[in-house]
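Asker: I would like the atomic coordinates for the input below:
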Amino acid sequence: DLKTKSRQAQAFEVLVNTYKERLYWQIRSIVLNHDDADDVLQNTFIKVYKNIDGFKGDSKLFSWMYRIATNEALNFIKQKAKLQGVSDTDYQDRLV
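Answerer: Residues are numbered from 1 along each chain as shown. Next up, the predicted model:
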């Protein structure tokens, strides 16, 4: 119902506001660029939203989201490396 959806939206907004800065800096440490980090962060929260029902509670919520953010950032690097015609290992070496 509409009331439940409104509560879910409010809860998700709290979740985003609570964790966005910490997740942003984790992503930024991998992708380096601010705009890219923002894009990856947005994709991370989309994945969290779509898969929140799959969170089993075996770990802390932040740990689960941190793993999603890290995977999204690494996938972004791989995609960017393919577009630039270099291996993702070479691309990651450039970042270090």
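Asker: quick check: buried residues in the top helix by length along the chain?
Answerer: Secondary structure of the chain read by DSSP state H shows that its longest helix is helix 2-31. The neighbour-count check on helix 2-31 (16 or more other Cβ atoms under 10 Å) flags 15, 19, 23-24, 26-28, 30-31 as buried. The way it works is simple: take the backbone N, C-alpha and C, and place the C-beta from them, glycine included.
Asker: okay if I get those residues as a markdown table plus pLDDT and distance to Phe76?
Answerer: Compiled in a markdown table, the buried residues of helix 2-31 are given as follows (pLDDT from 0 to 100; distance: Cβ to Cβ, whole Å):
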| residue | pLDDT | distance to Phe76 |
| --- | --- | --- |
| Leu15 | 95 | 22 |
| Tyr19 | 98 | 19 |
| Leu23 | 98 | 14 |
| Tyr24 | 98 | 14 |
| Gln26 | 97 | 13 |
| Ile27 | 98 | 8 |
| Arg28 | 97 | 12 |
| Ile30 | 95 | 8 |
| Val31 | 95 | 6 |
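Asker: so which of these is the closest to Asp38?
Answerer: Nearest to Asp38 out of the buried residues of helix 2-31 is Tyr24 (Cβ to Cβ; 7.6 Å).
Asker: and the closest one, how far from Val40?
Answerer: According to Cβ to Cβ, to the nearest Å, Tyr24 and Val40 sit 9 Å apart.
Asker: in the protein, which ranges drop under the pLDDT threshold?
Answerer: Residue ranges of the chain with pLDDT under 70: 1, 86-96.
Asker: mind doing that once more with 80?
Answerer: Filtered on pLDDT under 80, the chain yields the residue ranges 1-3, 85-96.
Asker: and Gly57, helix, strand or coil?
Answerer: Under DSSP: H, G, I helix; E, B strand; the rest coil, the three-state class of Gly57 is coil.
Asker: in contact with it, which residues?
Answerer: Shown in contact with Gly57 (Cβ atoms under 8 Å, 6 or more residues apart in numbering): no residues.
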